[in-house]
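Have a look at this prediction, sequence included:
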Amino acid sequence: MRTLAKIVADARFNLALITCILLLHILGLSFHWYLYLPWFDSFHHFLGGLWAASAYLYLGSRYPSLVARPGSLLGTVIGAIAFTAL
């Protein structure tokens with residue numbers, strides 16, 4: 001049985017999540033959901049934060065030396081993306 005951390009740190013999960021975000025964003029722009037549904041933007045920020053966290057877990061499991069070092073460029077970039085998603 002796979003744990004939740006292993007599922008979230010999987011490349012297929014990351015790809016499915018970013019595809020879902022893109023599809024929902026295109027639909028939201030097409031049908032003006034950002035205007036008519038006030039919670040839609042907050043939902044996207046949540047999904048973006050979830051994607052940033054799962055990308056960090058995935059890259060940390062695949063390339064631990066790139067992420068684990070204090071002040072690493074990859075960790076800083078993912079942190080900036082996660083902060084932007086807030």
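Okay, I see it.

Spatially nearest residue to D10 (excluding sequence neighbours)?
Of all residues not flanking D10 in the chain, Y58 sits nearest, at 6.8 Å (C-beta to C-beta, 6 or more residues apart in numbering). Quick note: C-beta positions are derived from backbone N, CA and C, even for glycine.

Tell me how far the one helix or strand that neighbour maps to lies from the chain's centre.
Following DSSP states H and E, one finds Y58 within helix 39-62. Distance of helix 39-62 from the chain centroid (C-alpha atoms, centre = their mean, to the nearest Å) equals 2 Å.

what's it packed up against?
For helix 39-62, the elements it packs on are helix 4-8, helix 11-30, helix 33-36, helix 64-68, helix 73-85, judged by 3 or more C-beta pairs under 8 Å, 6 or more residues apart in numbering; DSSP states H and E.

go with 6 Å
Contact here means 3 or more C-beta pairs under 6 Å, 6 or more residues apart in numbering; DSSP states H and E; on that basis helix 39-62 packs against helix 11-30, helix 33-36, helix 73-85.
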